[in-house]
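Trainee: just a sequence and a predicted model for now, questions to come.
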Amino acid sequence: MLQVHLAALSLLLSAPAELAKGMVVSCPGMGETWGEPEMQVALQELKQLGTTWVELHPYAGVETDGRIRFRPAAQTRFLGRGAAFVKASGLSLYWVPHLAYWGRFDWRGTINFGKDQEAWARFFEGYQAFIVDQAKFAESVGAPMFAVGLEYEATMDHEAEWRRIIAAVRAVYRGQLVYAANWNGLDRVRFWDAVDLIGVQGYFPLAKGSNPSDAELRAAWDRPLLYLAELSQAYQKPVLFNELGYARSKQAAVRPWEPANDDSTEAIELRRRLLAIGLERVQAAPFVRGVFLWKWIPGRAFFDRDFSMRDPEAQAVLQRYWKNQ
């Protein structure tokens with residue numbers, strides 16, 4: 001790990017005039033709800049809570065042989081409508097294309113083709129076609145920030161391919177570029193110099209037990225924030241929390257990435273404290289450009305409860321740390 005004393009945190013990159021207070025707006029299926037009236041309602045709800053940015057995540061499919069399947073963004077009507085809704089709401093748009101790995105890989109971080117060089121070549125050729133198409137669309141709708149990838153941990157040995165993809169995106173897109181690594185994969189990324197922001201999926205473990213004190217949770221943020229500060233200083237890039245969130249779970253501080261729907265008083269209170277202390281610590285860091293919370297679903301869906309920022313305790317935290325600040 002790079003070495004920087006904690007006292008140096010205040011001397012790192014200056015924070016922007018206004019921190020991006022973002023929400024990942026997700027939905028069932030491939031994103032059709034982004035183009036429906038429920039999306040307009042959701043955007044107004046988010047504005048009332050102090051949200052200033054919205055993250056949308058259109059999908060392509062990935063096969064075990066490396067093939068990428070996608071429909072051109074300009075031909076996908078609900079994407080155009082969703083982007084127009086965000087623009088009309090006055091919120092800023094962050095475009096984060098995803099690969100839909102379900103049923104083929106455990107998660108994005110395990111997309112891997114081993115020694116099959118043909119599959120690797122097929123994957124990067126297809127991914128570049130997909131991400132450049134998405135970048136052209138993001139440029140056309142005026143999205144000021146775009147993610148070239150996220151969580152693709154098992155692909156990080158292919159630095160040259162990623163640099164080629166980033167260069168191809170820059171040829172068609174003029175906004176800020178992000179790559180978002182998983183919380184434990186930041187040190188595997190060798191191309192931070194090629195993007196504009198260091199993105200992180202911020203599910204850092206903060207405790208070993210189910211009932212940490214507020215003081216323990218605040219102290220637990222020291223180590224990840226110090227590492228992010230060091231990374232930010234080394235590359236002279238600000239940090240973006242591409243995702244941050246907690247489920248209702250008594251183990252949410254131990255394994256923040258796990259979905260859960262525990263409606264017990266203890267789980268709800270722990271989640272409230274985790275969100276509050278997380279925003280308190282992260283937003284105070286001078287090198288952090290913004291935070292995107294996972295997640296908000298327009299309308300209602302059967303899996304709306306996992307990590308839902310619509311829950312009362314989550315909205316109460318946003319009222320305090322976003323709307324009233």
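Mentor: Nice, I can see it. Residues are numbered from 1 along each chain as shown.

Trainee: ranges for the helices of the chain?
Mentor: Secondary structure of the chain by DSSP state H: the helices cover 37-48, 77-89, 117-140, 159-170, 214-220, 222-235, 265-284, 312-318.

Trainee: check which helices and strands the third one is in contact with.
Mentor: Helix 117-140 makes packing contacts with strand 59-62, strand 68-69, strand 92-95, strand 145-150, helix 159-170 when contacts are defined by 3 or more Cβ pairs under 8 Å, 6 or more residues apart in numbering; DSSP states H and E. The C-beta positions use only the backbone N, C-alpha and C, and glycine is treated the same way.

Trainee: chain center to the longest one: distance?
Mentor: This points to helix 159-170. Distance, stretch centre to chain centre, for helix 159-170: 20 Å (Cα atoms, centre = their mean, to the nearest Å).

Trainee: now swap in the first one and tell me
Mentor: For strand 59-62, the distance between its averaged C-alpha position and the chain's averaged C-alpha position is 17 Å (Cα atoms, centre = their mean).

Trainee: before we move on, back to that, out of the helices of the chain, which gets nearest to V54?
Mentor: Set against V54 and scored by Cβ to Cβ, the helices of the chain come closest in helix 77-89, at 5.2 Å.

Trainee: how near is the nearest residue to R320 once chain neighbours are set aside to V86?
Mentor: Nearest non-adjacent residue to R320, counting by Cβ to Cβ, 6 or more residues apart in numbering: A276, 7.1 Å away. As judged by Cβ to Cβ, to the nearest Å, A276 and V86 stand 27 Å apart.

Trainee: of those two, which one has the most company?
Mentor: V86 (26 against 19; other Cβ atoms under 10 Å).

Trainee: which strand residues bridge the residue lying closest to that one once chain neighbours are set aside?
Mentor: Residue nearest to V86 in three dimensions, not counting chain neighbours: L93, with 4.7 Å by Cβ to Cβ, 6+ apart. Beta-bridge pairing of L93 under DSSP bridges involves V54.

Trainee: next, count neighbours for L93.
Mentor: For L93, the count of nearby residues is 23 (other Cβ under 10 Å).

Trainee: now the one 5 residues further on
Mentor: Counted by other Cβ under 10 Å, the residues lying close to H98 total 19.

Trainee: thought it was touching E55?
Mentor: No - using Cβ atoms under 8 Å, H98 makes no contact with E55, being 10.6 Å away.

Trainee: flag the shaky bits of the protein, pLDDT-wise.
Mentor: Low-confidence segments of the chain (pLDDT under 70): 1-17, 300-304.

Trainee: find the centremost residue of it, please.
Mentor: For the chain, N242 is the residue whose C-alpha lies nearest the centre (Cα atoms, centre = their mean; 2.6 Å).

Trainee: for it, what are its contacts?
Mentor: E55, V96, A147, L150, V178, A180, G199, V200, Q201, G202, F292 (Cβ atoms under 8 Å, 6 or more residues apart in numbering).

Trainee: re earlier: can you check which of the helices and strands packed on helix 117-140 gets nearest to Q283?
Mentor: Comparing the helices and strands packed on helix 117-140 by Cβ to Cβ, strand 92-95 comes nearest, at 16.8 Å.

Trainee: which other helices and strands contact that closest one?
Mentor: strand 20-25, strand 53-56, helix 77-89, helix 117-140, strand 145-150.

Trainee: and for the closest residue to D196 other than its chain neighbours, the neighbour number?
Mentor: Counting by Cβ to Cβ, 6+ apart, D196 lies nearest to Q176, which is 4.4 Å off, once chain neighbours are set aside. Residues contacting Q176 under the criterion other Cβ under 10 Å number 17.
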